[in-house]
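**Student:** generate a structure from the sequence data that follows.
(one chain, ligands or ions: 3)
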Amino acid sequence: MKFASLYLPEPPDPHAFSADPPPRQAGPVGVLLVNLGTPDTPTPRDIRRYLAEFLSDRRVIEIPPWIWQAVLRLFILPKRPRALAPRYRDIWLEDGSPLLVWSQAQAEAVQRELSGQGQAVRVRLGMRYGNPSIAQALDELRADGCERILTVPMYPQYAASTTATAVDHVARHAARLRNQPELRFLKRFHDDPGYIDALAQRLQAHWAAAGRPERLLLSFHGLPRFSVEQGDPYHRDCMETASLLKRRLGADGGLVHVGFQSRFGAAKWLEPYTEPTLRAWARQGVRRVDVMCPGFLADCLETLEEISVECRDAFLEEGGEQLRYVPCLNDDAEWSAAFARLIRKHLAGWS
Ligand SMILES: C=CC1=C(C)c2cc3[nH]c(cc4nc(cc5[nH]c(cc1n2)c(C)c5CCC(=O)O)C(CCC(=O)O)=C4C)c(C)c3C=C
Ligand SMILES: [Fe+2]
Ligand SMILES: [Fe+2]
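**Tutor:** Residues are numbered from 1 along each chain as shown. Ligands and ions are numbered 1, 2, ... in the order given. Below is the predicted model:
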């Protein structure tokens, strides 16, 4: 308004042409680490909110929503949160849910590793369900001036229900922006030598201190079999991780085995199932086993409760003597350095 400009400074005219526009400063490169998400508190109310969001994702539950939403609202959400609350309470850390605490620790460690190496990098954590959200993390990166963002789903093995849904969500957020950042996505790193090495060193350190078990079970999160039959590479990725780790350990044929945990619902999931395998081993006379979960970078309900408590109880109940759970990579220094190297490789050309 011309009248107002008598009193206020004239705003810059966006259409004005200048032969020499001021040089544009290259902003930092953004790295968005994405993990699954976890309830804000171990209360039935927050667990219900988390499960409602998680289990309404059509990448996770592939049943038509008009059937599934009825099952979810009538049978799962009224009961499961109350049953999960004491299990979450048992694993809760001073600073929150272990999945969040360890994922945040990895984001901070990667930020430290990538700082002072020339290119300015900002690392943020976003959770696919719950907090801190992917939208919040992306907005923070953009506010920091990041015009190029690499998304790194924190799942070494690709699955549509984890990796693809994270990618979809980032893309949906970008679809609402006028000035979009340039986006890249890291698909998987199940065979990354740094990842395999960090797992192997963790096992070797554990064995150096406490001796070898009779068997080592590598337990991965399960997936419905039909997902794999329809082309999900998850099973193949898990088997490749297991075979690379076995080779790296120089282990003989009988030591390393694979299982799939956390079956949900009535459909067939990937086999062999972890808990029945442990029960069968105990009945066959195996007395000492170690269990490691290479598919989880951060300890969580699935590892600290399902493996460390439920599976241990099942193994001992059938006559086993010792089940040692080998923790996830969490804040492992070897892994932080390897993760940063892997990310740096995927930033190539963005300097
Ligand atoms: C029902 C379908 C599910 C699919 C498919 C699924 C795949 C999948 N999940 C993870 C990693 C995690 N899952 C976690 C918990 C969890 N997972 C499901 C269901 C499916 N997961 C449920 C219902 C829950 C909640 C707990 C329960 O009700 O049993 C977690 C832990 C979260 C935490 O708060 O600690 C992780 C991590 C992967 C990697 C994966 C596919 C490969
Ligand atoms: Fe899960
Ligand atoms: Fe589970």
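**Student:** and the residue of the chain found nearest ligand 3, its phi and psi?
**Tutor:** At 3.3 Å from ligand 3, residue 262 is the closest residue in the chain, using CB to the ion. In this view, the C-beta of every residue, glycine as well, is placed from N, C-alpha and C. Dihedral pair for residue 262: phi 70, psi 40, per degrees, to the nearest 10.
**Student:** wait, it sits on residue 221?
**Tutor:** Yes: the criterion here is CB atoms under 8 Å, and residue 262 meets it with residue 221 at 5.4 Å.
**Student:** show me where the stretch 51-200 of the chain has strands.
**Tutor:** With DSSP state E, counting those that start in this stretch as the criterion, the stretch 51-200 of the chain has strands at 121-127, 148-153, 182-185.
**Student:** residue 228 is nearest to which of these?
**Tutor:** Nearest to residue 228 among these is strand 148-153 (18.4 Å), distances taken as CB to CB.
**Student:** any idea of the angle the closest one forms with strand 121-127?
**Tutor:** Orientation check (axes from the mean of the first three to the mean of the last three CA atoms, to 10 degrees): strand 148-153 against strand 121-127 gives 40 degrees.
**Student:** check the offset of strand 148-153 from the chain's centre.
**Tutor:** Strand 148-153 has its average C-alpha position 14 Å from the chain's average C-alpha position, going by CA atoms, centre = their mean, to the nearest Å.
**Student:** name the residues of it that are buried.
**Tutor:** Neighbour-count burial for strand 148-153 flags 148-153 (criterion: 16 or more other CB atoms under 10 Å).
**Student:** ok, stretch 251-264 next?
**Tutor:** 256-263.
**Student:** beta-bridge partners for the residue nearest to residue 111 when sequence neighbours are not counted, please?
**Tutor:** The shortest distance from residue 111 to any non-neighbouring residue, by CB to CB, 6 or more residues apart in numbering, is to residue 123 (4.1 Å). Beta-bridge pairing for residue 123 (DSSP bridges): residue 31.
**Student:** show me what contacts residue 328?
**Tutor:** Residue 328 makes contact with 102, 293, 296-299, 303, according to CB atoms under 8 Å, 6 or more residues apart in numbering.
**Student:** now with 10 Å?
**Tutor:** By CB atoms under 10 Å, 6 or more residues apart in numbering, the contact set of residue 328 is 98-99, 102, 199, 202, 292-300, 302-304, 335.
**Student:** follow-up on the earlier one: put together TSV for the strands of the stretch 51-200 of the chain, with distance to residue 47 and mean pLDDT on each row.
**Tutor:** Converted to TSV, the strands of the stretch 51-200 of the chain look like this (distance: least, CB to CB, whole Å; pLDDT from 0 to 100):
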stretch	distance to residue 47	mean pLDDT
strand 121-127	15	98
strand 148-153	23	98
strand 182-185	30	98
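**Student:** could you dump those strands to CSV with distance to residue 171?
**Tutor:** Compiled in CSV, these are given as follows (distance: least, CB to CB, whole Å):
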stretch, distance to residue 171
strand 121-127, 13
strand 148-153, 9
strand 182-185, 7
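**Student:** can I get the ones you listed in JSON lines with distance to ligand 1?
**Tutor:** Shown next, in JSON lines, are the strands of the stretch 51-200 of the chain (distance: least, CB to the nearest ligand atom, whole Å):
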{"stretch": "strand 121-127", "distance to ligand 1": "10"}
{"stretch": "strand 148-153", "distance to ligand 1": "10"}
{"stretch": "strand 182-185", "distance to ligand 1": "17"}
